[in-house]
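J.: A structural model of the following input is requested.
(one chain, ligands or ions: 1)
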Amino acid sequence: MTPALKLERRIVIIATAFVVVLFGLAALAINTFHVGLPTCLTDVKPFQRGELITHSPDHYEIHYVAKMWDFEPKEVTVPAGSTVDFYVSTPDVTHGLILLGTNLNLMVVPGVVNYARVKFDQSHNYQLLCHEYCGTGHERMAANLRVVDAATFAARSTPTPPPQQNDAMAKLLEAKDCLTCHSIDGSEGIGPTLKGIYNRKTKLKGGSTVIADEAYLREAIMNPGAKMVDGFDDVMPKPEMTDEEVNALIEYLKNLK
Ligand code: CUA
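T.: Okay, the predicted model is just below:
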């Protein structure tokens, strides 16, 4: 064997040994030290839910959860002059977060919490968008951040007292988990708002339009996937409700203007 061949053989043996040791260490790490794939940080509080945290009247913290295909929270209002700390993560795939008109531009990566701080001096309605292609609903991923003057902010922070009438209905909606997705005050949610729903002209997936009359509402409650409203996903489970409850709910919706 020539010296060159000997050298080559030695190199091959060392390289092979290196690979074997590497796999051995990986096996050791997995089995003995239980090192696994990184778990998603959104499994960990406080990143399970999107929320706005108030530290002081001019310092806020927003936890955004980006998921296919929405941001939570969808709508945030802060007063002008405040500093906002943005934290964002995702439980599913890689998204992006860009706040148009500012320098805020973050990647949203599963298992990672990304952070940026922005100070807002002027009142403005900012739009938050996903700028990383993340699937068929990507272009719908948007949220709003409103920066308003102090007076407007103070006015809107005063909680509106809950409606006294229809307490029984409010309890029913709560008990059947309707309010998780449907608001009764006109604000946007995972499902269409119930405010003013009766006889509303409603665009369906596929382009047709229906009037949300009694028959439509009954079907929408009892068989949620039958006619999908344009812009919403087929995620509503069939609620467990008696005929009386459905009738009462429809009567209630008729008057929810
Ligand atoms: Cu999320 Cu694109």
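
J.: near the ligand, which residues of the stretch 51-200 of the chain show up?
T.: Ala66, Trp69, His95, Cys130, Glu132, Tyr133, Cys134, His138, Met141 (CB under 6 Å from any ligand atom). C-beta here means a position set from N, CA and C on the backbone, and glycine is covered the same way.

J.: next up, phi/psi of the spatially closest residue to the second one that is not a sequence neighbour, please.
T.: Spelled out, that is Trp69. Closest residue to Trp69 apart from its sequence neighbours, by CB to CB, 6 or more residues apart in numbering: Gly137 at 3.0 Å. Backbone torsions for Gly137, taken as degrees, to the nearest 10, come to phi -100, psi 10.

J.: equivalent analysis for Cys178, please.
T.: phi -70, psi -40.

J.: Met222 too?
T.: Phi and psi for Met222, reported as degrees, to the nearest 10, are phi -80, psi -30.

J.: so where's the stretch 1-150 of the chain uncertain?
T.: By pLDDT under 70, the low-scoring segments of the stretch 1-150 of the chain are 36-48.

J.: can you pull out the helices in the chain?
T.: Secondary structure of the chain (DSSP state H): helices located at 3-31, 150-157, 167-175, 214-222, 243-254.

J.: let me have those helices in a markdown table, extended by mean neighbour count.
T.: Formatted as a markdown table, these follow (neighbours: other CB atoms under 10 Å):
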| stretch | mean neighbour count |
| --- | --- |
| helix 3-31 | 10 |
| helix 150-157 | 13 |
| helix 167-175 | 14 |
| helix 214-222 | 16 |
| helix 243-254 | 15 |
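
J.: do you know which of these lies nearest Met236?
T.: Minimum separation from Met236 across these (CB to CB) falls at helix 214-222, 8.6 Å.

J.: neighbouring contacts of that closest one?
T.: With CB atoms under 8 Å, 6 or more residues apart in numbering as the test, helix 214-222 has contacts from 197-198, 202, 210, 212, 226-227, 238-239, 241, 246, 249-250, 253-254.

J.: which residues touch the residue lying closest to Pro73 once chain neighbours are set aside?
T.: Nearest residue to Pro73 in three dimensions, chain neighbours excluded: Gly50, at 4.4 Å (CB to CB, 6+ apart). By CB under 8 Å, 6+ apart, Gly50 lies in contact with Ile62, His63, Tyr64, Val65, Phe71, Glu72, Pro73.

J.: and Asp70, by the same measure?
T.: Per CB under 8 Å, 6+ apart, neighbours of Asp70: Arg140, Met141, Ala143, Ile190.

J.: quick check on these: which are buried?
T.: Met141, Ala143 (16 or more other CB atoms under 10 Å).

J.: between the contacts of Asp70, which is closest to the ligand?
T.: Met141 (4.3 Å; CB to the nearest ligand atom).

J.: can you get me a residue count around the closest residue to that closest one other than its chain neighbours?
T.: What sits nearest to Met141 in space, not counting adjacent residues and going by CB to CB, 6+ apart, is Cys130, at 3.6 Å. Other residues near Cys130 come to 26 when the count uses other CB atoms under 10 Å.

J.: wouldn't Cys130 be in contact with Met68 here?
T.: No. Cys130 lies out of contact with Met68 (CB atoms under 8 Å); the separation is 9.7 Å.

J.: quick revisit: columns distance to Val113 on top of the helices of the chain, output as CSV?
T.: Shown next, in CSV, are the helices of the chain (distance: least, CB to CB, whole Å):
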stretch, distance to Val113
helix 3-31, 24
helix 150-157, 27
helix 167-175, 32
helix 214-222, 38
helix 243-254, 40
